[in-house]
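Engineer: task: produce atomic coordinates for the following.
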Amino acid sequence: MPFARVAVPAPLKPLDTLLDYRIPEELVGQVQIGSLVQVPFARRKTWALVFEISESTALAETQIKSIESLKLPMPVADRARLELFRWLSRHYLYPIGEVCESALPAAIREGTARTLKLPEKSFDEGSEIEASVPPPLNEDQASAIRQLATPSADPLLLWGVTGSGKTEVYLKAIEDRLHQGQSALLLVPEISLTPQLMSRFESRFPGEVATFHSALKPTAVRKAWLETLLGKRRIAIGARSALFAPVQNLGLIVLDEEHDGSYKQEDRLRYHARAVALEYGRIAKVPVLLGSATPSAESFDRVEKGLTRLARLPRRAVGEATLPEIQVLDLKKQIAQPNMDPRPKQPLTFQAPPIDGDFFLTAEMQRELQNVLDQGRQALLFLNRRGQASQLLCRGCGHKSNCPACEVTLTPHGKGLLCHYCGYEAPIPRECPACKRSDSPFLKVGIGTEALEEAVRLHFPTAKTLRLDRDTAETNDQLRDILGLFAEKKADILIGTQMVAKGHDFPDVTFVGIVLADIGLGVPDFRSNERALQLLLQVSGRAGRAIHPGRVLLQTFQPEHPVFQVLTRAQGLDDYGEFLRQEIENREALAYPPRGELALLRFDGLENDLVREAARKVAAGLNRIQSEGFRVLGPVPSPLARLRNRYRWQILLKSRNEEHLRKSLNWIMEGWDKQKLERTLKTRLIVDLEPATMM
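Structural biologist: Model prediction:
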């Protein structure tokens, strides 16, 4: 009698634990490797994924339970995906059953015979692939396609300036795979922010595209997933979780904007989609295409080491379109000018600069906006902070309004205050809780997109203005409406956060104003300069993408900062590459990625003393095995020391040897479980390999 070894959704130890179940006679031949089944487990019934089938088991006959039913008549994972799940468990130190839980959507794994009814298979391999006529490729694009067609196990980095036509390369590469009877997987950072890209793919490949992202309703997820499983739809497009879409006969994996931080999953299975895609390509023996105008240091380093091939797109693809001119404006000189604050002066006990939208809408910025309006063009204003200001201060004593659940200041929004981390809301108090001042006690310091929008409308009352941030675009429909109105030229000025920087192509945008470029600099993270430069280059690249030349005005209090010095000359590929080489050299001395391995141990709980004690116990154990090339930093309070009423401490592990790091982590996790520290110290331990943020 055959037996199946299955993964169940439970935190079993060891992490790669599979359980044996008998395959009942009526399901012999139906249950296959990769099948989704239902089994009895721990006094309940649950789904399970079959990894192995054998004719024997090491367990006693009386210990073996039977599979109860088969959820779908065909396997939901092929051998390549099962091997990928095993790798994810080993690499990220995560139980194999919970890896499967993260990879299989709830609409599938929890589905019933009724909900998992297969759609009729109507896919015809001989059907017409294209509905729209593709534009001809330029020589740079054609060269990239030729490289991709060359047999090689190495990934290919498509490095092209903004507006160089990377999407057209993706389209052509996928078209070639479809003509060969294969399928393709395209990952984008945030699918809700790329309606133009989705429109291009759906018009080029009608009926072939399945979309995957977290905003889909269960019925839509189920339909897209099952149609992909059947091969009815051969192109899967989505955010990082689309990596696990059941594409059949996979021929290509594409990561657009491979540098983007949103490819890192920040809860449960904390994987990085770029690393997983590269491993998936290796396992499935399919090419991986990484695209970016601002490659990550990790991908650039792989090119330098000869592990990744390189295709360059150094010019914009549309006619004579050129990269925009960038001017840096020193905001310190604005402070030095008299009468910059248009509001009535009041004597302040606490001397805080009364900075608001009028201050940041400088005379130079206003002139540029007026020129755009006079020419009938469009402008984009970028400010990576939503709300009215950065914080609220008492005019008398300088008291800050803080979130009661998080160690962060509240942000003024409308007539109230909001915590951007936990969502706590409060009205603006009538008096200062510290000094009890009640005569117009509070001062809004800093600036957010709300205040900027008010200033723009005050100075340009006839201009049509839109704002794009998480407050105005809470749903995908609202986001599409805003982007659609701007694309149709029903608005002159678009004001937004980093949501405006990703993948948008507005031909009539000739001016981009970066209102306060300092946001993001000085963050306690070794990647802060890299990320700031990437974001600023991406948003600058929205200007001048068609026949009209573009211009960028960047405002900062730190014009001497290296990021801004590089930005003014780094729009071409070579200067940005030199910046990355210097970054990598600096990190090598400190064993930071890509020249070192990192792991972040996060401890959190409701009692600060217990959390601190747990972190110190783990650090003491790690210090006993510390060696050359392996460093233990901490424990220290996290930069966000309290979040959602939970206190947070952390330890950072740095190693030049990945194997040593993993052995150390396994040793710590075994000790954590054996000593039952989570229960005795009421503290949770989270292991984050390849951490994307130190916060």
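Engineer: what sits against the spatially most central residue of the chain?
Structural biologist: Geometric centre of the chain, nearest residue: S262, 0.5 Å, by CA atoms, centre = their mean. With contact taken as CB atoms under 8 Å, 6 or more residues apart in numbering, S262 is in contact with 189-190, 239-240. (C-beta placed from N, C-alpha, C; glycine too.)
Engineer: for those, pick the one with the most neighbours.
Structural biologist: Of all those, R240 has the most neighbours under the rule other CB atoms under 10 Å, reaching 25 neighbours.
Engineer: what two of the contacts of S262 are the furthest from one another?
Structural biologist: E190 and R240 (9.7 Å; CB to CB).
Engineer: the stretch 301-450 of the chain: helices as residue ranges?
Structural biologist: Per DSSP state H, counting those that start in this stretch, the stretch 301-450 of the chain carries helices over the ranges 332-336, 357-360, 363-375, 449-459.
Engineer: what's the spacing between the last one and its chain's center?
Structural biologist: This points to helix 449-459. Relative to its chain's centre, helix 449-459 lies at 29 Å (CA atoms, centre = their mean, to the nearest Å).
Engineer: and for the second one?
Structural biologist: With CA atoms, centre = their mean as the basis, helix 357-360 stands 31 Å off its chain's centre.
Engineer: could you number the chain from 255 rather than 1 from now on?
Structural biologist: I'll keep to 255 as the first residue from here, and by that count the last item is helix 611-614.
Engineer: okay, now the unreliable bits of the stretch 305-454 of the chain?
Structural biologist: Judged by pLDDT under 70, the stretch 305-454 of the chain has its weakly predicted residues at 373-385, 446-447.
Engineer: mind giving me the packing neighbours of the longest strand along the chain?
Structural biologist: Assignment by DSSP state E gives strand 884-897 as the longest strand of the chain. Here strand 884-897 touches strand 851-859, helix 862-878, strand 900-909, helix 912-928, going by 3 or more CB pairs under 8 Å, 6 or more residues apart in numbering; DSSP states H and E.
Engineer: okay, angle between the first one and strand 884-897 too, please.
Structural biologist: For strand 851-859 against strand 884-897, the angle by axes from the mean of the first three to the mean of the last three CA atoms, to 10 degrees is 40 degrees.
Engineer: what's strand 851-859 packed up against?
Structural biologist: helix 862-878, strand 884-897, strand 900-909, helix 912-928, strand 938-943.
Engineer: quick one, strands of the stretch 305-454 of the chain?
Structural biologist: Taking DSSP state E, counting those that start in this stretch as the criterion, the stretch 305-454 of the chain carries its strands at 319-320, 323-324, 410-414, 437-441.
Engineer: reformat those as CSV; add distance to I350.
Structural biologist: As requested, those are exported to CSV (distance: least, CB to CB, whole Å):
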stretch, distance to I350
strand 319-320, 19
strand 323-324, 20
strand 410-414, 31
strand 437-441, 22
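Engineer: and the angle from the longest strand of the chain to helix 912-928?
Structural biologist: Going by the same axes, to 10 degrees, strand 884-897 makes 50 degrees with helix 912-928.
Engineer: can you report phi and psi for the residue lying closest to G776 once chain neighbours are set aside?
Structural biologist: Computed as CB to CB, 6 or more residues apart in numbering, the closest residue to G776 that is not its neighbour in sequence is S782, at 6.9 Å. Phi and psi for S782, reported as degrees, to the nearest 10, are phi -60, psi -40.
Engineer: that older thread, packed most tightly, which of the helices and strands packed on strand 851-859 would that be?
Structural biologist: Here the criterion is mean neighbour count by mean count of other CB atoms under 10 Å, and of the helices and strands packed on strand 851-859 the winner is strand 900-909, at a mean of 21.
Engineer: quick one: contacts of it?
Structural biologist: Contacts for strand 900-909 (CB under 8 Å, 6+ apart): 844-846, 850-862, 865-866, 868-869, 872-873, 876, 883-892, 894-896, 915, 918-919, 948.
Engineer: same thing but at 7 Å, please
Structural biologist: 845, 850-860, 862, 865-866, 869, 872-873, 883-892, 894-896, 915, 918 (CB atoms under 7 Å, 6 or more residues apart in numbering).
Engineer: likewise for stretch 864-872?
Structural biologist: By CB under 7 Å, 6+ apart, stretch 864-872 touches 855, 857-859, 889, 901, 903, 905, 922, 931, 935-937.
Engineer: let me know whether the residue nearest to G776 touches I773 as I believe.
Structural biologist: No - applying CB atoms under 7 Å as the test, S782 and I773 come out as separate, 10.9 Å apart.
Engineer: higher neighbour count, those two?
Structural biologist: Higher neighbour count among S782 and I773: I773, with 21 against 16, using other CB under 10 Å.
Engineer: and the residue lying closest to the more buried one once chain neighbours are set aside, backbone torsions?
Structural biologist: Computed as CB to CB, 6+ apart, the closest residue to I773 that is not its neighbour in sequence is N638, at 4.8 Å. Taking degrees, to the nearest 10, you get phi -90, psi 50 for the backbone angles of N638.
Engineer: give me the number of residues near N638?
Structural biologist: N638 has 24 nearby residues by other CB under 10 Å.
Engineer: can you list residues touching both of S782 and I773?
Structural biologist: Contacts common to S782 and I773, judged by CB under 7 Å, 6+ apart, are absent.
Engineer: still on that earlier bit, ok, so of the contacts of S516, who is nearest R476?
Structural biologist: When the contacts of S516 are compared for distance to R476 (CB to CB), A493 wins out at 17.8 Å.
Engineer: hmm, L439 and the closest one touching each other?
Structural biologist: No - assessed by CB under 7 Å, A493 is found out of contact with L439, at 12.0 Å.
Engineer: for the chain, give me the ranges with low pLDDT.
Structural biologist: Filtered on pLDDT under 70, the chain yields the residue ranges 373-385, 446-447, 589-611, 824-825.
Engineer: how does it divide up, domain by domain?
Structural biologist: Domain assignment for the chain by automatic domain parsing gives 257-332+339-363, 393-567, 579-641+701-825, 645-699, 851-943.
Engineer: and the residue nearest to G776, what is it in contact with?
Structural biologist: 774-776.
Engineer: what subset of those residues is buried?
Structural biologist: 774-775 (16 or more other CB atoms under 10 Å).
Engineer: secondary structure and distance to L410 added to the contacts of S782, as CSV?
Structural biologist: Putting the contacts of S782 into CSV (DSSP: H, G, I helix; E, B strand; the rest coil; distance: CB to CB, whole Å) gives the following:
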residue, secondary structure, distance to L410
G774, coil, 30
L775, coil, 32
G776, coil, 35
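Engineer: make TSV out of the contacts of S782 and add distance to A361.
Structural biologist: Listed next are the contacts of S782 as TSV, based on distance: CB to CB, whole Å:
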residue	distance to A361
G774	37
L775	42
G776	43
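Engineer: out of the contacts of S782, which one sits closest to L432?
Structural biologist: G774 (39.9 Å).
Engineer: not counting sequence-adjacent ones, nearest residue to that closest one?
Structural biologist: Of all residues beyond its chain neighbours, the one nearest G774 is A786 (4.7 Å), with distances taken as CB to CB, 6+ apart.
Engineer: next, count neighbours for the one you found.
Structural biologist: 22.
Engineer: how would you label it: helix, strand or coil?
Structural biologist: helix (DSSP: H, G, I helix; E, B strand; the rest coil).
Engineer: would TSV of the helices and strands packed on strand 884-897 with distance to L544 be doable?
Structural biologist: What follows is those, written out as TSV (distance: least, CB to CB, whole Å):
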stretch	distance to L544
strand 851-859	21
helix 862-878	34
strand 900-909	25
helix 912-928	21
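Engineer: circling back to that earlier point, how about the contacts made by the residue nearest to I773?
Structural biologist: Residues in contact with N638, defined by CB under 7 Å, 6+ apart, are 751-752, 773-774.
Engineer: columns distance to T719 and secondary structure on top of those, output as a markdown table?
Structural biologist: Shown next, in a markdown table, are the contacts of N638 (distance: CB to CB, whole Å; DSSP: H, G, I helix; E, B strand; the rest coil):
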| residue | distance to T719 | secondary structure |
| --- | --- | --- |
| T751 | 15 | coil |
| Q752 | 19 | helix |
| I773 | 21 | coil |
| G774 | 24 | coil |
